[in-house]
Structures are given as C-alpha cells and as structure tokens.
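K.L.:
Build me a model:
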Amino acid sequence: MKADPRWSGSIEQVLTTLAKKAISIRNPRELITEDDPASREAATVFCAALENPGQARRYLEPLLARLQGKPQLMDPVACFITARIDPWWGLNLLAEECLQRGMLRPVNPYHKAVMKAAGKLDVLADVASRLFQRFPSLESDTLDRVQARRQEGFPSALLVTQPKSGGVFIANRFADLYGMPGFYISLKEFPEDHVVEAKAALFGQGGAWTYGHLNASPENLDRLARAGIKKILVHLRDPRQTTLSWAHYMEEGAVARHGRRLYERIVSSDITPVSMLDAPFAEKLDWYAEHIFPRFMEWILGWIRVRDTDRRFDVRVMEFRQLKEQPLAYMQEAAAFFGVPCEINRVAAPRQGVANFRAGQMDEWRQAFNPGQIDRMTRQIPETIAAEAGWELPR
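P.N.:
Numbering: from 1, shown residues only. Below you'll find the predicted structure:
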C-alpha cells in the first residue's frame, strides 16, 4: 500500500477527530462542515466511505497508509471502520496496531464500546478467540500460573454473578484464600456478554477462576459445554436492591470513567440514555425501575432455567445474604462445590468501599423507591424464586 501524497502530515489529527464523529453521525453530509480545505477533503473521504461502503477501501486505504505505525492515530479510524464499514477489517487493523506495540487488547473498553454501539459484540468475541489462539504467549504470565495450579489438582471455577452483588469480593477471595489465578473467558459486558471460546476451552482444563455477568444465551451455553465446563456457581441478589446499586454505580462513576463526550456518543446505549445524564436522581431511579430491573430479572430467570432444565451443567445458586452474613460458610460451600483442594477457617466480611462494595444493604430499596415503583418491580418477581432466595414480596 503506497501513501497518497495528498495527505499531509498536518491533517492526521483532523482525520482522527473526524473518525470519532463519524462513528455515531446519522447524516454523513454533516461531516463536511469544516472551512479548512484539508479538513473538508478528509471529511469528504469519510462521507464517501459511509455513503458507498462497497467502495470504502478505495476511499480509506490512502488514509490508512499515512497512519501505519501510529497506533494512537490509527485507533479511532479503525474503530470507525469497525462500527460503520466492516467489523472484521476494522478489528484486524486494531489488532495489527496493538501487536506492533506488543500489547494485544481485543477487549479494550473503548473498542468494546464501539462494538456494543454497533451491535457486534459477537464479532468481537470471535476475533478475541482467534487472536488468543494465534498469540497465547501475550498472556503467558497468567497461563503459567494456571498451569501450575492445574498440576496441583485445582479445578476451574466459573463464577457467574449478578451485577452489583459482591462478585468482585467473591473472585478476590478465590485468589486470596486459594491462590487461584483469574483468567477471564468473556467480554465482561452486561446485559449481553459473550464467551471467548478459545479462552473457555483452556479454562475448562482447570487451574483458575473466572468471574463475570455472563448471560445464559444459547450461544454462551453451547460454548461453555464445548469447553467441557460443567459446574457453574450463579450468585444472586434481590434485583430491587441491585437496581438501586446500579443506579448509584452509574451516577457516581460511569461518566467519569469514560469521559462525558465518549459516554454520550458510544457508551450510554440502553444502559443509561444520554437524555438521563442530567436528570434528577429520583427521575433516574424511575427509569432504572422501568428499564434496568427487567434486565436483571431476565438474567436471573435465564440461569434458573439452566439449573432446572439443562443437564449439561451442574448449577449451584447462591445468594448475597449468605455472603454478607456468613462469608466463611459461603466460601466453604463454594469451594466444596467446585472441589477446590483447600480448607479455610476464616473469611473477613465484605467492607464498604472495598472491591466495588458500596454499602451492602439488603433492603435499602424500600426507602429509595416509591410505592408505585416497588409494586411495579415486585410484581415481576416469581414467588417461587423469591421464596428460594429469601426475598420479601410486599403486596
């Protein structure tokens, strides 16, 4: 690929800025607003690629030639190609740039945000799987520790936890108490997550724990089964409380972590729409009760169905109250379930402000939500599940 002399060095930063805009813009012609001739020319390239995706390579390859070996400039352009033109082409560009730096990160949060906005997380999971197969040495430190534990007879421990339920605390205890390394096998997204099959296959051989909010989709279940993973610990918490905790989590950290402009353009999606960012917290709570609570219920019901009907798996359902009130008994039961060859006699209870543990209250939702919101959520909880989990159902 030869560089086109029309692209001057001074325009490279302009190109990447336009790429970021082009990820989410609805009318491609809106890009052509710059007075500077070079900027107008660059905007015209992106506009042409968006309006004629079949000819996108012809328009974009001169630009890509100028950005080779400059990963910080290539990154947003590749993300634009991933989200709007061709996901495989874009992700391969991202991977090549990362490999040149010796830093392969197929689940980079920014790249995930782009793919999530484009509805292509399944493609990202497949790319991550292929890249791990090709370059496993990039995680060699972790793999060496996994191999050592496997040789000592340690199993694999798949911890599937409801968001905002103490999952980080549980995973950390497997690391601290049992000396087991963590090895992630999914994109770690919610409400839609995807198993990275090549990593799951290695994890299924034993020697590590993995933690996440994996949903019980048919594709995920098939990939887990093919990996030989049978035992799954599913950790639940009252979904009314997790809805409240999620609201605080988004309110206190999500925008700050990603930056408001990126959040508004890509990250928000259907988890928290841009229109809600500046709304009063009480108004946000109503939105979460209406839109996020059903997601938690769908997640819970999915794993209960797997436990009750899918004979490929041995699913143990545990609940937040036991973790909070009897952490030693909880960890002992979890270890026994997986067959971890260790004995423990002491576990410190979760503490506020440690490992994403905000407050750990069981019934804070009673004071935070109004009666109408409580009734709306409570009616969606099956009595059988509430009775099993110990969740009260005020009627």
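K.L.:
Give the closest residue to Gly153 in space, chain neighbours not counted.
P.N.:
Leaving aside its sequence neighbours, Gly153 sits nearest to Pro341 (CB to CB, 6 or more residues apart in numbering; 5.4 Å). To be clear about C-beta, it is placed using only N, CA and C from the backbone, and glycine gets the same treatment.
K.L.:
same question, Gly182
P.N.:
Trp209 (5.7 Å).
K.L.:
that's a helix at Val234, yeah?
P.N.:
No: assignment of Val234 by DSSP: H, G, I helix; E, B strand; the rest coil gives strand, placing it outside any helix.
K.L.:
how about Gly206, secondary structure?
P.N.:
Assignment for Gly206 (three-state DSSP): coil.
K.L.:
Check Met318 too.
P.N.:
strand.
K.L.:
Distance check, it against Gly339.
P.N.:
Per CB to CB, to the nearest Å, Met318 is found 16 Å from Gly339.
K.L.:
Repeat that for Arg150.
P.N.:
13 Å.
K.L.:
in the stretch 151-300 of the chain, which ranges drop under the pLDDT threshold?
P.N.:
Regions of the stretch 151-300 of the chain meeting the criterion pLDDT under 70 cover residues 252-275.
K.L.:
Please repeat the previous calculation with a cut-off of 50.
P.N.:
259, 261-263, 265-268 (pLDDT under 50).
K.L.:
ok, which stretches of the stretch 1-150 of the chain are helices?
P.N.:
12-24, 37-51, 56-67, 71-80, 87-100, 109-117, 121-134, 140-151 (DSSP state H, counting those that start in this stretch).
K.L.:
Would you single out the least confident of the ones you listed?
P.N.:
Ranked by mean pLDDT, those end with helix 109-117 in last place, scoring a mean of 65.
K.L.:
ok, back up a step: so if I had to pick from Arg150 and Gly339, which one is more boxed in?
P.N.:
For Arg150 versus Gly339, neighbours defined as other CB atoms under 10 Å are more numerous around Arg150 (16 against 12).
K.L.:
can you pull out the strands in this protein?
P.N.:
Applying DSSP state E to the chain gives strands spanning 157-161, 209-212, 231-236, 314-319.
K.L.:
so which of these gets nearest Asp176?
P.N.:
strand 209-212 (11.2 Å; CB to CB).
K.L.:
which ones are touching Asp86?
P.N.:
Residues near Asp86 by CB atoms under 8 Å, 6 or more residues apart in numbering: Pro53, Ala56.
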